[in-house]
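[1] Need a 3D model of the following:
(one chain, ligands or ions: 1)
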Amino acid sequence: MKIAVLGTGYVGLVTAAGLSEFGHSVVGADKVAAKIEAIRRGRIPIYEPGLDELLESNLRKGTLSFSTDLAATVQAADVIFVCVGTPQGDDGSADMSQIEEVSRLIAENLNGYKVVVEKSTVPVKTSVRIKRTISLYNKTGAEFDVASNPEFLREGAAVPDFLEPDRIIIGVETDRARDLMFRIYDRFKDRILVTNIDTAELIKHASNSFLSMKISYINLMANLCERTEADVELVAKGMGLDPRIGPRFLKAGIGFGGSCFPKDIRALIRIGDDLGVDMSLLKETERVNQGRARIFIDKLKSALWILKDKKVGVLGLAFKPETDDVRAAPSIRIIQALLDEGACVRLHDPKAGDNMREFFPEDGVRTVYCSSPYQAAEGANALLCCTEWKEYAELDLARIRDLMVNPILVDGRNMFDPAAVSAQGLEYFSIGRR
Ligand code: UDX
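    Modelled structure (predicted):
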């Protein structure tokens, strides 16, 4: 199969590398020449375990290449995966201008039957818009189909998620498109679910919003636990033993962040509002999530009272471990609150420091970036954990205690055993337990 992947962001790169690994001939295209140049030289702009190797081996085999010539890439392809960005607009809805632009480009280069696959996360009914746009600008009258094939990649695990997916959702409206999509994923025949296009589009938003809801739910339970003798870790465990609930995505903490959950839930709320459906369940999910940073800061204040001029170490800036991504990271809201209260922050992350500098530039006084967690603890009045990187779980807590002015640890991810932390002489605050 000859496949074009339009857009070489996070989803585009993983899709291009993964599809070429399945044996297809793939061209990844992007109009930003500097991006393509960097990828060709093996310098990918994101940190994703295993992606470098996957790209390199398929580039070497010749099944994968990259181009800035979008027109030629479209003309040569049987199937076109649309992986351009759908960033969040000011009103919470997805900004679809890149999808529209690519649809026009496809229309202008339609030299025979092709399937245009929506891979980016898009609102339900987007396919109708894409179809209309392609028809509007289609000069040759060549036939085409639109399909939806949402991605469920988790950052930090995107390569295994693509190469060994739980499920493949294919939304189509013709047998011809379905057959081509089956050929692309023929090795996963047993886990393909074929639906109509609206359903496939909705499955993506529905899945992410459901998982977000699970997280806000357990965070709500954590609030209850904090006012009782209950322990949220055990509440989650007890709930998770019920196979109808399952143990995953029941980790209480400082809330969900990243490039998907916060954006997707807002987009789905917007879709529902536009369609006249009451979306209060999801609005509440989002409100609970936004309140997490304040609850976390209040724990710190209960320990230190006044934050003005206090030094606060922050361990973990990425929205979750194993990524350098700080988009919508809960740490941003937390750091902003600390700075607003007049505290000085000493920030550390194994991977995400450079990305966070764009949000909070280093000034050497109020905002300092540290090269190790120990440096972040030096002279600090308190230390916060915002991301559960493995290396933090292995910290020498006695050394941390000796470096700090006040040995106070506020753990937003319940990484540590409270008894073990106390045994090292630190005062410990965590989420939903004593
Ligand atoms: C998510 C979906 O999991 C993936 O299927 C989709 O394609 C993209 O969005 P991702 O954003 O990479 O993936 O991260 P995920 O591991 O789902 O975590 C999202 C956020 O939720 C993180 O901030 C994480 O810390 C938080 N989280 C997750 C919790 O607070 N508790 C949990 O139990 C699980």
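[2] Near residue 173, how many residues? Count them for me, please.
    16 (other C-beta atoms under 10 Å). The way it works is simple: take the backbone N, C-alpha and C, and place the C-beta from them, glycine included.
[3] An error on my part: the question was meant for residue 68.
    Applying other C-beta under 10 Å, I find that residue 68 has 15 neighbouring residues.
[4] need the contact list for it.
    29-33, 36 (C-beta atoms under 8 Å, 6 or more residues apart in numbering).
[5] If you rank those residues by neighbours, which is first?
    residue 29 (27 neighbours).
[6] and which of the contacts of residue 68 is nearest the ligand?
    residue 30 (20.7 Å; C-beta to the nearest ligand atom).
[7] hang on, the closest one packs against residue 8?
    Yes. Residue 30 is within contact range of residue 8, at 4.2 Å (criterion: C-beta atoms under 8 Å).
[8] Between the two, which contacts overlap?
    36, 66.
[9] Which residues of the chain lie near the ligand?
    151-155, 208, 215, 249-251, 253, 256-258, 260-261, 319-320 (C-beta under 6 Å from any ligand atom).
[10] all strands of the stretch 201-350 of the chain, in order?
    Assigned by DSSP state E, counting those that start in this stretch, the stretch 201-350 of the chain shows strands spanning 311-315, 344-348.
[11] Could you list the domains of the chain?
    2-195, 204-279, 292-429 (automatic domain parsing).
[12] Minimum distance to residue 285: which of the ones you listed has it?
    domain 204-279 (4.3 Å; C-beta to C-beta).
[13] what's around the residue nearest to residue 93 when sequence neighbours are not counted, how many residues?
    Spatial nearest neighbour of residue 93, excluding adjacent residues (C-beta to C-beta, 6 or more residues apart in numbering): residue 270 at 4.4 Å. Neighbour count for residue 270, taken as other C-beta under 10 Å: 18.
[14] quick one: residue 10 and residue 45 touch, right?
    No. In this structure residue 10 lies outside contact range of residue 45 using C-beta under 8 Å: 9.0 Å.
[15] Who has more neighbours out of these two?
    The neighbour count for residue 10 versus residue 45, taken as other C-beta under 10 Å, is higher for residue 10 (22 against 13).
[16] can you pull out the helices in the stretch 151-300 of the chain?
    Secondary structure of the stretch 151-300 of the chain (DSSP state H, counting those that start in this stretch): helices at 158-163, 175-184, 197-226, 232-240, 261-274, 280-290, 292-304.
[17] So residue 406: helix, strand or coil?
    Recorded secondary structure, residue 406: coil (DSSP: H, G, I helix; E, B strand; the rest coil).
[18] how about it, what does it touch?
    303-304, 380-382, 427.
[19] which among the residues you listed end up buried?
    Burial by neighbour count, 16 or more other C-beta atoms under 10 Å: within the contacts of residue 406 this picks out 303-304, 380-382.
[20] export these to a markdown table and tack on pLDDT?
    Formatted as a markdown table, the buried ones among the contacts of residue 406 follow (pLDDT from 0 to 100):
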| residue | pLDDT |
| --- | --- |
| 303 | 96 |
| 304 | 97 |
| 380 | 98 |
| 381 | 98 |
| 382 | 98 |
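[21] Now for these: which two are most distant?
    303 and 380 (12.2 Å).
[22] re the thing from before, for the strands of the stretch 201-350 of the chain, which one ends up most surrounded?
    strand 311-315 (a mean of 27; mean count of other C-beta atoms under 10 Å).
[23] what packs against that strand?
    helix 330-340, strand 344-348, helix 373-377, strand 382-385 (3 or more C-beta pairs under 8 Å, 6 or more residues apart in numbering; DSSP states H and E).
[24] which one of the ones you listed has the most crowded surroundings?
    The stretch of the helices and strands packed on strand 311-315 with the highest mean neighbour count (mean count of other C-beta under 10 Å) is strand 382-385, at a mean of 27.
[25] Check which helices and strands it is in contact with.
    Under the contact criterion of 3+ C-beta pairs under 8 Å, 6+ apart, strand 382-385 touches helix 292-304, strand 311-315, strand 408-411.
[26] Specify the local secondary structure of residue 142.
    Of the three states, residue 142 takes coil under three-state DSSP.
[27] coming back round to it: so which of the helices of the stretch 151-300 of the chain gets nearest residue 92?
    Nearest to residue 92 among the helices of the stretch 151-300 of the chain is helix 261-274 (4.0 Å), distances taken as C-beta to C-beta.
[28] Show residues contacting that closest one.
    With C-beta under 8 Å, 6+ apart as the criterion, helix 261-274 contacts 87-88, 91-94, 121, 123-124, 204-206, 208-209, 211-212, 215, 256, 278-279, 282-283, 285-286, 289, 328.
[29] which of the residues in it are buried?
    Buried-residue list, helix 261-274, by 16+ other C-beta under 10 Å: 261-272.
[30] Next step: the contacts of residue 68 restricted to helices.
    33, 36 (DSSP state H).
[31] Need the contacts of residue 68 in a markdown table (columns: distance to residue 373).
    Listed next are the contacts of residue 68 as a markdown table, based on distance: C-beta to C-beta, whole Å:
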| residue | distance to residue 373 |
| --- | --- |
| 29 | 41 |
| 30 | 37 |
| 31 | 41 |
| 32 | 36 |
| 33 | 39 |
| 36 | 37 |
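[32] Could you export the contacts of residue 68 to TSV, including columns for pLDDT and distance to residue 422?
    Output for those, formatted as TSV (pLDDT from 0 to 100; distance: C-beta to C-beta, whole Å):
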residue	pLDDT	distance to residue 422
29	98	56
30	96	52
31	94	56
32	94	52
33	95	56
36	95	54
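[33] if I look at the nearest residue to residue 196 once chain neighbours are set aside, how far off is residue 130?
    If the residues on either side of it in the chain are set aside, residue 196 comes closest to residue 171, at 6.0 Å by C-beta to C-beta, 6+ apart. Noted for residue 171: a distance of 12 Å to residue 130, by C-beta to C-beta, to the nearest Å.
[34] same check, this time on residue 306
    With C-beta to C-beta as the criterion, residue 306 and residue 130 are 55 Å apart.
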